[in-house]
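Asker: Give me coordinates for this.
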Amino acid sequence: MSFQDFLAAIRSPELRSIALHWQAARGTKRMPGWKDLDPAAIAPYLRIVWSWKYDSASDTFTGRLAGDAITDAFGESLRGKPMKEFFAGRQYERMFARHKRVVTEPTFAHGSGPVFIHAGRHGQGERIIMPLASDGNHGDGIFGATIYAPQPTGQPGEAARQSVVAEAVDFFPLD
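Answerer: Purely as a prediction, here's the structure:
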């Protein structure tokens, strides 16, 4: 029932649709692979999706895909970039640990609150992260999506960003 618990935690209809597509793409496998995902099935949401490839031998992530809303939030695309480089100065250790947990346990992650504070943005949002496996069984990537509403009053200074409560993240074991 873990996927059902994960799905129940998601408030955004857009994120729920993406999670349901992940579940449908999985079929009878433990996890879907990148090739199992169908961009046409989630076309209305492509601007909020993102993905990282994971190399277990080197214990590294490399950016695979970022929709326009994700690229806009960071001011650059993650595509083809090592995670360590992309998140340099943006809480890399926290991001790496979260993403690695999703791909290696494997598990689902659901976050809400200040989802892009590490990117210097101030606002509220919701995020989902799901594991991928080319062979259907051993995690080798993650697929996620993030909804974000910027704070209309502008960006806070560094001191204000440091004092913001971190994004609340819950993990749901893969069933």
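Asker: how about the helices in the chain?
Answerer: With DSSP state H as the criterion, the chain has helices at 2-9, 13-26, 68-74, 83-86, 92-104, 158-163.
Asker: For Gln124, the count of nearby residues, please.
Answerer: Counted by other CB atoms under 10 Å, the residues lying close to Gln124 total 15. Placement of C-beta: from N, CA and C, glycine included.
Asker: just the strands in the chain please.
Answerer: Here the chain has its strands, by DSSP state E, at 49-55, 60-66, 107-113, 123-132, 141-150, 168-173.
Asker: packing partners for the last one?
Answerer: If contacts are counted by 3 or more CB pairs under 8 Å, 6 or more residues apart in numbering; DSSP states H and E, strand 168-173 sits against helix 2-9, helix 92-104, strand 107-113.
Asker: what is the orientation angle of the second one with strand 141-150?
Answerer: Comparing the axes of helix 92-104 and strand 141-150 via axes from the mean of the first three to the mean of the last three CA atoms, to 10 degrees yields an angle of 130 degrees.
Asker: where's helix 92-104 relative to the chain centroid, distance-wise?
Answerer: Relative to its chain's centre, helix 92-104 lies at 10 Å (CA atoms, centre = their mean, to the nearest Å).
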